[in-house]
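*Asks:* A predicted structure for the sequence below; I have some questions about it.
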Amino acid sequence: MPSWREIERFCRRDGWQEYKTKTHHYYFRKQLENGNFKRVKVSRGTGEVRGHLWKEILKKPLQVTEEEFNRIK
């Protein structure tokens, strides 16, 4: 399972824009071709993201496969 830090690094490498600062989390967004935005909130912690939560993050906010994530992180 990845760490929160790896998710943050993925977002930066994949062209996501940090849009909120000075909070306890990182807030990223990425504009899609149709003009809509994908958004994700990432903990500033260094712990590992476990099980079901990790699968939900991949499926909903990131909208990538685990293989794509691993290739970019």
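*Replies:* Sure thing, it's come through. Keep in mind the model is a prediction, meaning the values are calculated, not measured.
*Asks:* Now residue 44: phi and psi?
*Replies:* phi -80, psi 0 (degrees, to the nearest 10).
*Asks:* Now do the same contact list for residue 18.
*Replies:* Neighbouring residues of residue 18 by CB atoms under 8 Å, 6 or more residues apart in numbering: 11-12, 26-28. Heads up, the C-betas are built off the backbone N, CA and C, glycines and all.
*Asks:* Filter those residues down to the buried ones and hand me the PyMOL line.
*Replies:* The following PyMOL command selects only the buried members of those, with burial defined by 16 or more other CB atoms under 10 Å:
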select buried, resi 11+26+27+28
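*Asks:* Can you tell me which of the contacts of residue 18 comes closest to residue 65?
*Replies:* The shortest distance between residue 65 and any of the contacts of residue 18, using CB to CB, involves residue 11 and amounts to 15.8 Å.
*Asks:* what's the helix or strand hosting that closest one packed up against?
*Replies:* Applying DSSP states H and E as the criterion places residue 11 in helix 4-13. Here helix 4-13 is seen to pack against strand 25-31, strand 37-43, helix 66-72 when contacts are counted using 3 or more CB pairs under 8 Å, 6 or more residues apart in numbering; DSSP states H and E.
*Asks:* would you turn these into a markdown table with distance to residue 58 and mean pLDDT?
*Replies:* Listed next are the helices and strands packed on helix 4-13 as a markdown table, based on distance: least, CB to CB, whole Å; pLDDT from 0 to 100:
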| stretch | distance to residue 58 | mean pLDDT |
| --- | --- | --- |
| strand 25-31 | 14 | 97 |
| strand 37-43 | 10 | 97 |
| helix 66-72 | 6 | 97 |
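*Asks:* To residue 52, which of the ones you listed lies closest?
*Replies:* Closest approach to residue 52 among these is made by helix 66-72 (13.8 Å; CB to CB).
*Asks:* where are the low-confidence patches of the chain?
*Replies:* When the per-residue scores of the chain are filtered using pLDDT under 70, no range remains.
*Asks:* Give the residue farthest from the middle of it.
*Replies:* In the chain, counting by CA atoms, centre = their mean, residue 34 sits farthest out from the average C-alpha position, at 19.9 Å.
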